[in-house]
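1. Quick one, structure for this:
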Amino acid sequence: MSGESVALDEPRTQIFGIRHHGPGSARSLSWALERFRPDAILIEGPADADPLVAYVAAEGMAPPVALLAYAPNEPSRAAFWPFAVFSPEWQALRYASEHAVPVSFCDLPAANTLVLDTEPGDSGDPLAALAAAGGYDDPERWWDAVIESSSAPTGNGTEIFDAITEAMGVLRAAAADVPAAPDTDPGSEGPAPDRDAASGIDDAGGAAPQPDSSTRAELVPDGIDLRTLQREAYMRQVIRRTLKSGARRIAVVCGAWHAPALAGKLGPAAADSRLLKGLPKVKATLTWVPWTHSRLAGSSGYGAGITSPGWYHHLFTRTDEPIARWFTRVAGALRARDLPVSSAHIIESVRLAETLAALRGRPAPGLSEVTDATRSVLCDGDESMLRFVSSELVVGEALGSVPESTPTVPLDADLRAQARTLRLKQQALAQQMNLDLRKDRDVARSHLLHRLRLLGIDWGTPMTGEVRNTGTFRESWALRWEPGLSVAVIEASRWGTTIRTAAEAKILDRAGAADATVADISAALETALLADLGGAVDGLVGRLEAVAALDHDVTHLLAALPGLIRTLRYGDVRSTDVGALAQVADGLLLRICAGLPGAVTGLDTDAATQLRGLIDATHVAIATRDEAHATRSWLAALGVLADRDDVHGALVGRAVRLLCDAEIIADAEAARRLSAALSIGHSPAEKAAWIDGFLGGRGLLLVHDRDLLRRIDSWLRELDEEQFVATLPLLRRTFGAFEAGERQAIARAVRDGTPVAASHRDRSGPDATRGILALHAATEILVGAR
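-> Numbers count the residues shown, from 1 in each chain. Next up, the predicted model:
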């Protein structure tokens, strides 16, 4: 071994202060370990994850991966420790596996981490201080130039780590002059567990002992937060145990910020024991799960904290001419988007990046130089294309994998088995899948994806596919596997050991809730059918009958009926026995028809609009079902509604329109009812509401029915200014719902000669037409009085 010789019988502990997820640090560490030849390796990470180290070299283990720790009784209380192939910790694990060197994690166990509330942490960023001292305004660029883009080190490989430890010692000494900031670990971007607030993973409850002010001053001498001191105390305790076990050459791989606290003499263990005494803990289970590059990126919301994992992966895996190879990859990505990029562009980009590095005094082009060259040469200054390159390549997207033998919950094992059988591959990039439900495998895939959505495992999201959907025989899904779904699988495992039984248990539990409405249970029935949960259908039908019998709100019944009818329809397509549902649907319709007259009475505009939407949905559902008795019953109920004059105009107008479409009311009769609604005796707002109900969303009626257009135009022309202003908002909403082409056609019809001009009546004398209507009304009143 070159360099300073050390007697083999003299114990030595070498501290390797690294940057988490740094390819330069990883290369330097690999070189140093080969030269140092440790007989024990300690790595910053949860100490109770030691049993999982054996899986690092197993077949099927491919980073990026993460250690997942969770509380079995509360799976949402979880934390991740991610590793990429360019992570120094991962390279240390690989070295230990390949050289049969004992390796352990030395940070606080996950059992403590899951319950510890973080104390106020260290303020400032030591990387920023070092970068400023080196003339860099961005710490990322400093690391990129000095560490990440550096060549292989010389000597015994430990010099750079000794220098980093010394620099961090100076910064830690200066930390006493900086006020503490909450939950910060300067220079340590990845060792603390990552937590995803968007997925519901957060620091869980359970409070650590809170020392009083005098004790705090003793335990926190240099402005270093208590949590960091506790972690470092635990690391020193592990080093002591490792030395006591007989190890002579210990390599400690930790974040650079912790290196000074572990270097040199460890001091008495009593102080560390007092610092760790009474730490709360909870039962924790740990496993390996796949991870992605985007989750390593600072922009993803995770604390792993690197902004360019794709770039770092390239630097670590393509050491031969990395810049030229990078621009070749960028050119390939741009060509895939049909952009003209030639070999000359690549050559010019390399030249520009090298020139920029020379002008800026850099030893080699870094990410900033490469980005500037990409913007200028390959993207022609187009920032949108540069964002595409950043997303696709600089951040990149890669999903790791773990061995099949990795410890997991039974539900996850069942999911893996089904995915393998159905040839569904977990991928980080979103992919579209079009399913043909006439094929057995696609039906099974549909069932699985619907069951997973029911369990809150959103691997697939329904979407409108590019393939035209004919009837109900096609489904389109967008599939993307997110690392946080591993926690969702664990959370869902409380419902059962297989995907099907868990989904059935959860849907029955949801339907059995005290506040479950008829619409909720109807939607659950539809979901159960889509997911082929035959074991839950009988229970859901029984629950629906019980809830519907006690629910007297017609709006609830109207909201539930379309879902039930869709369930009947899908059941026919998927050859599912839904005979019991037909009986339930008939019973709901009977109660709706009986209760509708009372439900439509005394409604304001908002309530009438909401009820109109429910009536429309029910009408479409009944027409889709195409059952004679149900259709007759529903149209009869609409007929009663259309004949009433004490109901909001939006509902009466819509009932007339639906009956006219069903050819129950003739066009002439519909025109007569419209004239009556627009006659004297109704306010302008009531008339506008009737028109809105009659026309709502159907502009083609006015395009093709010129007589109807003439009547409405005549009414509008007769409004005075005050009446027109009062009705304008409702009219604007009515006509605004039409398609742009429909509005244009209506305008052309009015402009191009349609006889819509109102007749100029001689208002000085009596109006014979109105007089006849008045006499007719008086006659009916007198007859009724007899």
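2. Which stretches in the stretch 351-500 of the chain count as helices?
-> Along the stretch 351-500 of the chain, counting by DSSP state H, counting those that start in this stretch, helices occupy 367-373, 383-389, 410-421, 440-454, 485-492, 499-511.
3. Of those, flag the one that's most buried.
-> Of all the helices of the stretch 351-500 of the chain, helix 485-492 has the most neighbours on average by mean count of other Cβ atoms under 10 Å, namely a mean of 24. Every C-beta, even on glycine, is put in place using the N, C-alpha and C of the backbone.
4. Please name every helix or strand in contact with that one.
-> For helix 485-492, the packing partners by 3 or more Cβ pairs under 8 Å, 6 or more residues apart in numbering; DSSP states H and E come out as strand 65-71, strand 74-83, helix 410-421.
5. Can you give the distance of the shortest one from its chain's centre?
-> Spelled out, that is strand 65-71. In terms of Cα atoms, centre = their mean, to the nearest Å, the centre of strand 65-71 is set 20 Å apart from its chain centre.
6. Name every strand pairing with that strand and say which way it goes.
-> Take DSSP bridges as the rule and strand 65-71 pairs in its sheet with strand 74-83 (antiparallel), strand 285-290 (antiparallel).
7. I'd like those strands as CSV, with mean pLDDT appended.
-> Supplementary listing: the strands paired with strand 65-71 in CSV, determined by pLDDT from 0 to 100:
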stretch, mean pLDDT
strand 74-83, 84
strand 285-290, 90
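8. For Ala536, which of these is the nearest?
-> Checking these against Ala536 by Cβ to Cβ gives strand 74-83 as the closest, at 23.1 Å.
9. now the angle from that closest one to helix 485-492?
-> Calculated by axes from the mean of the first three to the mean of the last three Cα atoms, to 10 degrees, strand 74-83 forms an angle of 160 degrees with helix 485-492.
10. Give me the buried stretch members for strand 74-83, please.
-> Judged by neighbour count (16 or more other Cβ atoms under 10 Å), strand 74-83 contains these buried residues: 75, 77-83.
11. same deal with stretch 387-400?
-> 388-390, 392-400.
12. Where do the helices of the stretch 601-750 of the chain begin and end?
-> Counting by DSSP H, counting those that start in this stretch, the helices of the stretch 601-750 of the chain are 605-625, 628-642, 649-661, 667-677, 684-695, 700-704, 706-718, 721-736, 740-751.
13. re the thing from before, least confident of the buried residues of stretch 387-400?
-> Note: of the buried residues of stretch 387-400, the lowest pLDDT belongs to Glu397, at 77.
14. ok, now which ones touch that residue?
-> Contact analysis of Glu397 by Cβ atoms under 8 Å, 6 or more residues apart in numbering lists 292-294, 310, 428-429.
15. one more time with 7 Å
-> Contacts for Glu397 (Cβ atoms under 7 Å, 6 or more residues apart in numbering) come out as 292-294, 428-429.
16. And Tyr55, by the same measure?
-> Tyr55 sits next to 61, 288, 403, 406 when contact means Cβ under 7 Å, 6+ apart.
17. How many residues are close by the first one?
-> Right, Met61. Number of residues near Met61 (other Cβ atoms under 10 Å) recorded here: 16.
18. cool, the third one as well?
-> Other residues near Pro403 come to 14 when the count uses other Cβ under 10 Å.
19. can you give me phi and psi for it?
-> phi -60, psi 150 (degrees, to the nearest 10).
20. Test my guess that it contacts Gly60.
-> Yes. Contact between Pro403 and Gly60 holds when scored by Cβ atoms under 7 Å: they sit 4.0 Å apart.
21. For the stretch 1-150 of the chain, give me the ranges with low pLDDT.
-> For the stretch 1-150 of the chain, the stretches with pLDDT under 70 are 1-9, 117-129, 131, 135-141, 143-150.
22. how about a cut-off of 80?
-> Low-confidence segments of the stretch 1-150 of the chain (pLDDT under 80): 1-10, 22, 76, 116-150.
23. Need the CA coordinates for stretch 655-664. PDB is fine.
-> Taking Å, rounded to 0.1, in the frame of the first residue of the first chain, the C-alpha atoms of stretch 655-664 are listed here in PDB:
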ATOM      1  CA  ALA A 655     -89.700  18.900 -18.800                       C
ATOM      2  CA  VAL A 656     -91.400  20.300 -21.900                       C
ATOM      3  CA  ARG A 657     -88.200  20.000 -23.900                       C
ATOM      4  CA  LEU A 658     -87.600  16.400 -22.800                       C
ATOM      5  CA  LEU A 659     -91.200  15.400 -23.600                       C
ATOM      6  CA  CYS A 660     -90.900  17.100 -27.000                       C
ATOM      7  CA  ASP A 661     -87.700  15.100 -27.700                       C
ATOM      8  CA  ALA A 662     -89.500  11.900 -26.700                       C
ATOM      9  CA  GLU A 663     -92.300  12.900 -29.100                       C
ATOM     10  CA  ILE A 664     -94.800  12.900 -26.300                       C
END
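24. State the mean pLDDT of that stretch.
-> Averaging pLDDT along stretch 655-664 gives 83.
25. Enumerate the positions of stretch 552-570 that are buried.
-> Buried residues in stretch 552-570 (16+ other Cβ under 10 Å): 554-570.
26. all strands of the stretch 151-300 of the chain, in order?
-> Ranges of strands within the stretch 151-300 of the chain are 181-182, 249-255, 285-290, based on DSSP state E, counting those that start in this stretch.
27. Deepest-packed of those, please.
-> Of the strands of the stretch 151-300 of the chain, strand 249-255 is the most buried (mean count of other Cβ under 10 Å), at a mean of 25.
28. Walk me through which strands that one pairs with, and which way each runs.
-> strand 12-18 (parallel), strand 40-46 (parallel).
29. Buried ones in the first one, by neighbour count?
-> By neighbour count, and taking 16+ other Cβ under 10 Å as the criterion, the buried residues in strand 12-18 are 13-18.
30. want to throw those residues into CSV with distance to Asp107?
-> CSV is the format used below for those (distance: Cβ to Cβ, whole Å):
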residue, distance to Asp107
Thr13, 16
Gln14, 18
Ile15, 14
Phe16, 15
Gly17, 14
Ile18, 14
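31. In three-state terms, label the nearest residue to Ser87 once chain neighbours are set aside for me.
-> Nearest-residue entry for Ser87: His21, 5.0 Å, with adjacent residues in sequence omitted and distances by Cβ to Cβ, 6 or more residues apart in numbering. Following DSSP: H, G, I helix; E, B strand; the rest coil, His21 is assigned to coil.
32. how much space between the closest residue to Asp604 other than its chain neighbours and Arg451?
-> Using Cβ to Cβ, 6+ apart and skipping residues adjacent in sequence, the residue nearest Asp604 is His648, 7.7 Å away. To Arg451, His648 is 43 Å away according to Cβ to Cβ, to the nearest Å.
33. List only those of the contacts of Glu397 flagged as buried.
-> With neighbours counted by 16+ other Cβ under 10 Å, the contacts of Glu397 contain buried members at 292-294, 428.
34. any idea which of those residues is closest to Trp477?
-> Ala428 (16.2 Å).
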